[in-house]
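Novice: sequence plus predicted model, see below.
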Amino acid sequence: MRGAEQCRAHQPVADYAGQPGDADERRGRAAEAFQQRLERGSYHDLFDQRIAGVIARAGSEGSLNDEIGALRLVLARVLAEEEDPARLATSIPRIVDAVVRAVRAQRTLSGTMAEDLTEALTQMLIELGLGEE
């Protein structure tokens, strides 16, 4: 904002009643309460019930499909929008690595890795003449 001492991002946040500083005090109290719950060591106490419910539902799926899809979307956007070759050279390997790790984790969660390993070991035993064909 022109003529102001601070830009909008660095001005004190006013609460709904318009009182500067009240929102800062609430944030400070909330941060202090969070720190106290963290020190108690109870994971479930860290979040309010709504957030804990969302975390529980999201964690119960046992699937990384949404995360893999989001990473692939990020990769597509970077490829479509980034024009700087240096930034592409650093961004693409990071995103691809994250996708690969997520897919590996997904395969591990779904058990396909165990099936693939069993098939590979069976084939190896057959080739060594130690198994049935």
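Specialist: Yep, it's here. Residues are numbered from 1 along each chain as shown.

Novice: quick one: contacts for the residue positioned nearest the centre of the chain?
Specialist: Residue closest to the average C-alpha location in the chain (Cα atoms, centre = their mean): E67, at 7.3 Å. Counting by Cβ atoms under 8 Å, 6 or more residues apart in numbering, E67 touches A102. Placement of C-beta: from N, CA and C, glycine included.

Novice: tell me which element it is part of?
Specialist: Assigned by DSSP states H and E, E67 belongs to helix 65-81.

Novice: V103 too?
Specialist: helix 85-110.

Novice: what residues sit buried inside that helix?
Specialist: For helix 85-110, the neighbour count (16 or more other Cβ atoms under 10 Å) marks S91, I95, A98, V99, A102, Q106 as buried.

Novice: for the helix or strand just after it, packing partners?
Specialist: Using DSSP H and E, the next helix or strand after helix 85-110 towards the C-terminus is helix 112-127. For helix 112-127, the packing partners by 3 or more Cβ pairs under 8 Å, 6 or more residues apart in numbering; DSSP states H and E come out as helix 85-110.

Novice: can you list the domains in this structure?
Specialist: Recorded structural domains for the chain (assignment: automatic domain parsing) are 1-60, 63-133.

Novice: CSV please, covering those domains and showing mean pLDDT.
Specialist: Listed next are the domains of the chain as CSV, based on pLDDT from 0 to 100:
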stretch, mean pLDDT
domain 1-60, 68
domain 63-133, 83
